[in-house]
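K.L.:
sequence and predicted structure are below.
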Amino acid sequence: MRYINKCFAKSFLIAFVMVSLSFLAGTNNRTFADYVGGDVSNGGSISGVIKMVGDVPSAKMLNVDKDQGTCGHDAIPSEALIVSHGSELKNAVVSITNISKGKKFSEGKVAIDQKGCIFVPHVTLIPKGQSLDLLNSDDIMHNLHSYSMKNTAFNEGVTGGNALSRIFEYPETIKITCDVHTWMTSWLIVQDNPYYSTSNETGAYKIDNVPAGDYTLQVWHESLGKTTKQVSVKAGENSVVNFDLEMKAQGKKRRRR
Amino acid sequence: MKEHEILHELGLKHPTENVAATRRAWIEAKLTDPRQFDEGKYKKPSDRLIMPNFRLTEDEVEALVTVLLGMREGEMPESYRFKTTEEQDSIYEGKRVVRKYNCTGCHQFSIDTLYLNDGIVLKGMVKLEEDESLFFQLWEDNDSFGRKAGETVQIETAQIKERVNAEGGDISSFIIDYHVEVEGRVPEEAKVFTPPVLYKEGKKVQSKWVFDFLEQPVGLRPWLDVRMPTFTLPAEEATSLTRYFSVLESEEYPYEFIKETKSGYIAKKEEECPGYLADARKLFESKDVNCASCHVRGSITPDGEPSEWAPDLSLAKERLKPDWIKRWLLDPQLIQPGTKMPKLFREGVFQDIFPGEPEEQAEAIKDLLMNLPDEMFVEDDAETDDE
């Protein structure tokens, strides 16, 4: 009962009832053909290295022009394109797009933190239906603004040291920003199966426990787009699939209503 | 029985009294099958009737007959005239001005409507279309559907009986394309650069402000790259548009009593709750709400690029309706999905600054905005802004 303001005590009960009701009204979501998780015996694996081909632009620096007490005075290197000297690409997401049965989703909390006015991690993957914690470890207010097409979008201010949690119903790639600090960007990829991996600093990724079979493997990167390859996985063996991504020429996409 | 009545019942024509009825019958016959009068006659090809058969439906024939019969000299009888209410007149006139200046070229005036097979009507915007379903963001609560405004729902295409698309905002897709292609933004994010949606505008802005703005537009949204032109509207047309926005939302026009700015309003609040406005200001200025972090306040501007600033809060009391401000503060996404303004007042937050429910906190900020003291929007030379 600590929310009561001495001047408005009467409205408390009504508001409380309304909030409870809105939770009950909840969701009546329709779900389509779901992935079935179970035990995989003698599965194979897929691994490889993702590289960027063509000219690699120099890393963009993001200007920190607000709340410098918390965010610091120095420009922050953009994480939109991180390429090693050997052209290896970080933060590319590899996933199998056509699998309906296989290993179980790994359990454990998934969280995105806002720390030092940066989203950590920059790219996050989460199984659909699982709860995501959106934290704010800074001592200032950040807002969490999601740009989603399928999942309900949100934009909520989160005060220092507090958190939000959200569940995403539909597989989708969602950009999340903080509008107070416009340099802050993060990507959330909602997956409908557990076969995914994000490339590390050396561009390497690995997907394991894949039942033998033929699959479509997709790689997505926020700055270099998407591409797919076919892969055959044999029981107990590793298939190597490398990807070379390049910067797309601008002005080709056309969006129409 | 008189001669002409007998003739009428037989479908024959009395030279004078049945002329209206026969003319009607003839026009109807002609429109339904224009060349039927050639049937059974011997005519040279050059003399045959040439009017094409337009295959008009019964309703279309009826409509044309009505028009043709209505073409007569002198005034139409009063009973034939379409009578409008004052509200309807305002709406027609408003729509005329909207068309004349092509307001819909930039502004979206309505939202999408989906009529589902089971009788449910959904109001909102289609966000994404796929082969067998679409994703629809509700802009209004829907009790029969069990979902709230702001939520995105998946609807199978087979469930949709009829779809009526939003009107206006023709320029938007080009602006979105630009920000997607040149700046690499996602389309959803680029929507913020499109001209403001005017759906339910009458609920939002005070009519006097609308009139002034139409006559002399001022920059409100620093991040936009397209700007409202000066149309040099004659006063009557600016009035028509202003009235249109109000009437459409059943808002009071032209005068509306705004209690928040009148003497006694704040005094009464202060009496009930000493330090009311000061506490509201603490909430406004607290680091966790910090309205001024994004919003311009008169001559005081936030840090960062001007394109990232939010609208000037010192304009709020002249421009916005208090009820709207409160609803906006409680959940901006419900009024303008996609807006950069976050929802701040959730159950249980800011209790150490302004204890109470979100409703009460939003009410306090609304009251503060409607009574913003001078020192909150005029830069004080002595003040140092740096922290």
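P.N.:
Yep, that arrived.
K.L.:
hmm, residue B:207 is touching residue B:254, no?
P.N.:
Yes. With contact defined as CB atoms under 8 Å, residue B:207 reaches residue B:254; the gap is 5.8 Å. Quick note: C-beta positions are derived from backbone N, CA and C, even for glycine.
K.L.:
find residues that contact each of the two.
P.N.:
B:242, B:243, B:246 (CB atoms under 8 Å, 6 or more residues apart in numbering or on different chains).
K.L.:
what's the burial count for residue B:246?
P.N.:
23 (other CB atoms under 10 Å in any protein chain shown).
K.L.:
for the residue of chain B most remote from its centre, which three-state class applies?
P.N.:
Using CA atoms, centre = their mean, the residue of chain B lying farthest from its centre is residue B:42. It sits 61.4 Å away. Here residue B:42 is coil, with the state taken from DSSP: H, G, I helix; E, B strand; the rest coil.
K.L.:
again, but for residue A:208
P.N.:
Residue A:208 - assigned by three-state DSSP - is strand.
K.L.:
with adjacent residues omitted, what lies nearest to it?
P.N.:
residue A:45 (4.3 Å; CB to CB, 6 or more residues apart in numbering or on different chains).
K.L.:
ok so the one you found is a strand residue?
P.N.:
Yes. Counting by three-state DSSP, residue A:45 is part of a strand.
K.L.:
so it makes contact with residue A:205?
P.N.:
No. In this structure residue A:45 lies outside contact range of residue A:205 using CB under 8 Å: 10.7 Å.
K.L.:
which residues sit in contact with the residue nearest to residue A:208?
P.N.:
A:206, A:207, A:208, A:209, A:210, A:233, A:237, A:238, A:239.
K.L.:
narrow the residues you listed to those that are buried.
P.N.:
A:207, A:209, A:210, A:233, A:239 (16 or more other CB atoms under 10 Å in any protein chain shown).
K.L.:
what's the neighbour count on the nearest residue to residue B:297 once chain neighbours are set aside?
P.N.:
Distances taken as CB to CB, 6+ apart put residue B:377 closest to residue B:297, at 4.2 Å, once the chain neighbours are dropped. Look at residue B:377: counted by other CB under 10 Å, it has 17 neighbours.
K.L.:
what about residue A:159, how many neighbours?
P.N.:
21.
K.L.:
who touches residue 99 in this structure?
P.N.:
Using chain A. Per CB under 8 Å, 6+ apart, neighbours of residue A:99: A:35, A:193, A:195, A:210, A:211, A:213, A:215.
K.L.:
which of the residues you listed has the weakest pLDDT?
P.N.:
Least confident by pLDDT among the contacts of residue A:99: that is residue A:35, with 92.
K.L.:
nearest residue to it other than its sequence neighbours?
P.N.:
In space, residue A:35 is closest to residue A:193, 4.5 Å off (CB to CB, 6+ apart).
K.L.:
ok, residue B:333 next?
P.N.:
residue B:150 (5.0 Å).
K.L.:
and the stretch 151-300 of chain B, which residues reach chain A?
P.N.:
Applying CB under 8 Å from any CB of the partner chain, we find that the stretch 151-300 of chain B lies next to chain A at B:151-154, B:156, B:173, B:176-177, B:180-182, B:184, B:186-189, B:272-273, B:276, B:287-290, B:293-294.
K.L.:
and these, which are buried?
P.N.:
Counted by 16+ other CB under 10 Å, these give B:151-154, B:173, B:176-177, B:180-181, B:186-189, B:273, B:276, B:287-290, B:293-294 as buried.
K.L.:
quick check: mean pLDDT of stretch B:300-311?
P.N.:
Rounded mean pLDDT across stretch B:300-311 is 92.
K.L.:
just give the number of residues close to residue 163.
P.N.:
Chain wasn't specified; assuming chain A. The burial count for residue A:163: 16, using other CB under 10 Å.
K.L.:
look at chain B instead
P.N.:
So residue B:163, with other CB under 10 Å, has 16 neighbours.
K.L.:
what do you get for residue B:169?
P.N.:
Residue B:169: 23 neighbours (other CB under 10 Å).
K.L.:
contacting residues around it?
P.N.:
B:104, B:106, B:107, B:108, B:194, B:195, B:197.
K.L.:
report the contact partners of the closest residue to residue A:195 other than its chain neighbours.
P.N.:
Closest residue to residue A:195 apart from its sequence neighbours, by CB to CB, 6+ apart: residue A:96 at 4.0 Å. Each residue near residue A:96 by CB under 8 Å, 6+ apart is listed here: A:46, A:193, A:195, A:196, A:207, A:210, A:215, A:216, A:217, A:218.
K.L.:
any of those buried? List them.
P.N.:
A:46, A:193, A:195, A:196, A:207, A:210, A:215, A:217, A:218.
K.L.:
report the two of the residues you listed separated the most.
P.N.:
A:210 and A:218 (14.2 Å; CB to CB).
K.L.:
which regions of chain B lie under the pLDDT threshold?
P.N.:
Applying pLDDT under 70 to chain B flags the ranges B:1, B:3-4, B:7-8, B:10-21, B:380-387.
K.L.:
just the closest of the contacts of residue A:96 to residue B:226, please.
P.N.:
residue A:218 (36.7 Å).
K.L.:
got the contact list for the helix or strand containing the closest one?
P.N.:
Applying DSSP states H and E as the criterion places residue A:218 in strand A:213-221. With CB under 8 Å, 6+ apart as the test, strand A:213-221 has contacts from A:46, A:50, A:89, A:91-99, A:173, A:189, A:226-233, A:241, A:243, A:245.
K.L.:
at 7 Å instead, please
P.N.:
A:46, A:50, A:89, A:91-99, A:173, A:226-233, A:241, A:243, A:245 (CB atoms under 7 Å, 6 or more residues apart in numbering or on different chains).
K.L.:
do the same with stretch B:287-295
P.N.:
Counting by CB under 7 Å, 6+ apart, A:140-141, A:159-160, A:180, B:283-284, B:300, B:302, B:309-311, B:313, B:344, B:350 sit against stretch B:287-295.
K.L.:
state the pair within the residues you listed that is farthest apart.
P.N.:
A:160 and B:311 (25.2 Å).
K.L.:
neighbour count for those two, which is higher?
P.N.:
residue B:311 (18 against 15).
K.L.:
show me the contacts for that one.
P.N.:
B:220, B:221, B:295, B:296.
K.L.:
and those, which are buried?
P.N.:
B:221, B:295, B:296.
K.L.:
could you verify that residue B:174 is part of a strand?
P.N.:
No. Counting by three-state DSSP, one finds residue B:174 to be helix, located in no strand.
K.L.:
mark out where each domain of chain B begins and ends.
P.N.:
B:3-80, B:111-165, B:259-386 (automatic domain parsing).
K.L.:
swap in chain A?
P.N.:
According to automatic domain parsing, the domains of chain A span A:1-33, A:38-103+A:196-257, A:105-193.
K.L.:
what strand or helix carries the one residue sitting closest to the centre of chain A?
P.N.:
In chain A, the residue lying closest to the centroid (CA atoms, centre = their mean) is residue A:188, at 1.7 Å. Assignment of secondary structure by DSSP H and E places residue A:188 within strand A:185-191.
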